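**Q** Model the following, please.
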Amino acid sequence: MDIIKTLHKKAAISRKTIVLPEPEDKRVQEASRIIEEEGIANVILLTKDRIVSADKEKYIQEFYEMRKHKGIEFDAVEKMFEDPLYYAAMMTREGKVDGFVAGASHTTADVARTSIWCLGVSVRTNIACGSFIMIVPNSRYGENGALILSDCAVVVDPNSRQLANIALMSAELSSKVLNITPRIALLSYSTKGSAKSKAITKIHEALDLIKEKDSTILVDGEIQADAAIVPEVAKIKCPECKLGGRANILIFPSLESGNISYKLVQRLANARAIGPLILGLNKPCSDLSRGCSVEDIVDCVAVTAIRAQ
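**A** Purely as a prediction, here's the structure:
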């Protein structure tokens, strides 16, 4: 059974309820039909008639109370809730649904901001990030073609502590969703001292922090992408690396490098890109690329449902 089918089947074992707040998008409508038909999750397509006025008023008041210390005005909150994205996020916060998926017609900035404000960042991680599960067909890299790429959506220039937490959250994702043992590469333009800069020092500090928090985890850096995933290259560039060119989690030093890389892999390798999955929040949710396909939406709902199990 291929990886996608395995994910769909895993989601269906314990069907969770996922809300989709972009009901007018044809791709979302079709994805909703497929998800229900295949039993992947229970879906709430958040059409206007599904929005309860009393609940909306309650959510507006709750959101205002949460954000008024930031100087937001009540009428501004009312205007924000004209977008059903906020209603969906507050439904998730309250526990009426198990998660939400959006981004077919919203920017990543919109979805990330809404999810962080409404769901809240976990005190355990103290950071949110956007990760992709990339599935490359007919590939020997990663875990039979499956890789996790982080952060590709949220943190522009993570510091060493943020980088460490991004890596650890990605490791949890790999275990929970893909059932694989994480092998983490902290990527750079340098491999094991072939260059020196502040950017590389940041990676060394992140590596130390990861090992402090979990001494059993397999992680290395700084390392170039080819040495991270190609055993033959690893033998040449860093024969002492424990990863041995078999990394299945790639942690990027910046949002710029991560976002560019995932889009290139998706298009040039015809890879399935699931995400960005927003990690580090109190409840699960996922963003979508505005260029997403119906299949992308189905996959994101499946993974969000698994994370909620």
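**Q** The residue of the chain most remote from its centre: what secondary structure?
**A** The C-alpha centroid of the chain is most remote from residue 236, which lies 32.6 Å away (Cα atoms, centre = their mean). What DSSP: H, G, I helix; E, B strand; the rest coil gives for residue 236 is helix.
**Q** Tell me, what's the model's pLDDT at it?
**A** Note on residue 236: pLDDT of 94.
**Q** same question, residue 1
**A** In this prediction residue 1 is given a pLDDT of 47.
**Q** so where's the stretch 51-200 of the chain shaky on pLDDT?
**A** 194-195 (pLDDT under 70).
**Q** and the gap between residue 167 and residue 82?
**A** Distance, residue 167 to residue 82, by Cβ to Cβ, to the nearest Å: 38 Å. Heads up, the C-betas are built off the backbone N, CA and C, glycines and all.
**Q** what's the answer for residue 186, then?
**A** 42 Å.
**Q** cool, residue 277 as well?
**A** 27 Å.
**Q** Ok, residue 237 next?
**A** 54 Å.
**Q** In this structure, what residue spans correspond to strands?
**A** For the chain, strands defined by DSSP state E occupy the ranges 17-20, 42-45, 99-102, 129-135, 146-150, 183-187, 218-223, 249-251, 272-279, 285-287.
**Q** Dump these into JSON lines; add distance to residue 7 and mean neighbour count as well.
**A** Shown next, in JSON lines, are these (distance: least, Cβ to Cβ, whole Å; neighbours: other Cβ atoms under 10 Å):
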{"stretch": "strand 17-20", "distance to residue 7": "14", "mean neighbour count": "24"}
{"stretch": "strand 42-45", "distance to residue 7": "16", "mean neighbour count": "18"}
{"stretch": "strand 99-102", "distance to residue 7": "14", "mean neighbour count": "31"}
{"stretch": "strand 129-135", "distance to residue 7": "8", "mean neighbour count": "27"}
{"stretch": "strand 146-150", "distance to residue 7": "10", "mean neighbour count": "27"}
{"stretch": "strand 183-187", "distance to residue 7": "20", "mean neighbour count": "26"}
{"stretch": "strand 218-223", "distance to residue 7": "23", "mean neighbour count": "24"}
{"stretch": "strand 249-251", "distance to residue 7": "17", "mean neighbour count": "28"}
{"stretch": "strand 272-279", "distance to residue 7": "8", "mean neighbour count": "27"}
{"stretch": "strand 285-287", "distance to residue 7": "13", "mean neighbour count": "29"}
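**Q** Include distance to residue 174 when you put these into JSON lines, please.
**A** Converted to JSON lines, the strands of the chain look like this (distance: least, Cβ to Cβ, whole Å):
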{"stretch": "strand 17-20", "distance to residue 174": "21"}
{"stretch": "strand 42-45", "distance to residue 174": "26"}
{"stretch": "strand 99-102", "distance to residue 174": "19"}
{"stretch": "strand 129-135", "distance to residue 174": "9"}
{"stretch": "strand 146-150", "distance to residue 174": "5"}
{"stretch": "strand 183-187", "distance to residue 174": "9"}
{"stretch": "strand 218-223", "distance to residue 174": "11"}
{"stretch": "strand 249-251", "distance to residue 174": "6"}
{"stretch": "strand 272-279", "distance to residue 174": "11"}
{"stretch": "strand 285-287", "distance to residue 174": "16"}
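**Q** tell me, what residue is most central in the chain?
**A** residue 277 (2.1 Å).
**Q** what about residue 29, how many neighbours?
**A** 16 (other Cβ atoms under 10 Å).
**Q** Ok, residue 189 next?
**A** 14.
**Q** Not counting residues beside it along the chain, what's closest to residue 170?
**A** Leaving aside its chain neighbours, residue 170 sits nearest to residue 150 (4.5 Å; criterion: Cβ to Cβ, 6 or more residues apart in numbering).
**Q** What residue spans form the domains of this protein?
**A** 1-120+288-309, 126-280 (automatic domain parsing).
**Q** wouldn't residue 252 be in contact with residue 258 here?
**A** Yes: the criterion here is Cβ atoms under 8 Å, and residue 252 meets it with residue 258 at 3.5 Å.
**Q** more crowded one of those two?
**A** Ranked by neighbour count (other Cβ under 10 Å), residue 252 and residue 258 place residue 258 first, with 28 against 25.
**Q** State whether residue 284 and residue 101 are indeed in contact, as I suppose.
**A** No: using Cβ under 8 Å, residue 284 is not in contact with residue 101, being 9.5 Å away.
**Q** need the helices for the stretch 151-300 of the chain, in chain order.
**A** Using DSSP state H, counting those that start in this stretch, the helices of the stretch 151-300 of the chain run over residues 160-173, 198-213, 225-229, 231-237, 255-268, 294-308.
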